[in-house]
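Student: this one's sequence-less:
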């Protein structure tokens, strides 16, 4: 007899918990907020993919700092160009010694 009363009590407590949980989630708009957050995450994922990223990418620990200083380089025609080192390296130009 005691086992049946314990089981019934546990079942009633669980039923009351789930009923009150739904009521509280409805009252505080938690379900609506969760749905909107899910939509936002989907949109952000689409934007990330459109920008060329992927969802598995990890943040880089050390960000590379690009040198933006310009120097004079000689191009293929012998003209002097004032460009960054990265641009000159890609074009195969030589640095002008001062």
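Tutor: That came through, no problem. Please read these numbers as outputs of a predicted model, since none were measured by experiment.
Student: residues in contact with the host helix or strand of residue 37?
Tutor: Per DSSP states H and E: residue 37 is located in helix 30-50. Under the criterion C-beta atoms under 8 Å, 6 or more residues apart in numbering, residues 24-25, 54-55 lie in contact with helix 30-50. C-beta here means a position set from N, CA and C on the backbone, and glycine is covered the same way.
Student: at 10 Å what do you get?
Tutor: Residues outside helix 30-50 that contact it (C-beta atoms under 10 Å, 6 or more residues apart in numbering): 21-22, 24-26, 29, 53-55, 57.
Student: Also stretch 12-28?
Tutor: Contacts for stretch 12-28 (C-beta under 10 Å, 6+ apart): 30-34.
Student: Please state the offset of it from the chain centre?
Tutor: Counting by C-alpha atoms, centre = their mean, to the nearest Å, stretch 12-28 is centred 34 Å from the centre of its parent chain.
Student: tell me the mean pLDDT over the helix or strand harbouring residue 6?
Tutor: Residue 6 is part of helix 2-27, with elements assigned from DSSP H and E. Here helix 2-27 scores 93 as its mean pLDDT.
Student: Determine whether the claim that residue 71 is in a helix is correct.
Tutor: No. Residue 71 is assigned strand when assessed by DSSP: H, G, I helix; E, B strand; the rest coil, not a helix.
Student: Who is it paired with across the strands?
Tutor: residue 83 (DSSP bridges).
Student: what's near enough to touch it?
Tutor: Taking C-beta under 10 Å, 6+ apart, we find residue 71 in contact with 81-85, 88, 93, 95-96, 98.
Student: Just the buried ones out of the residues you listed, please.
Tutor: Taking 16 or more other C-beta atoms under 10 Å as the criterion, what is buried in these is 81, 83, 85, 88, 93.
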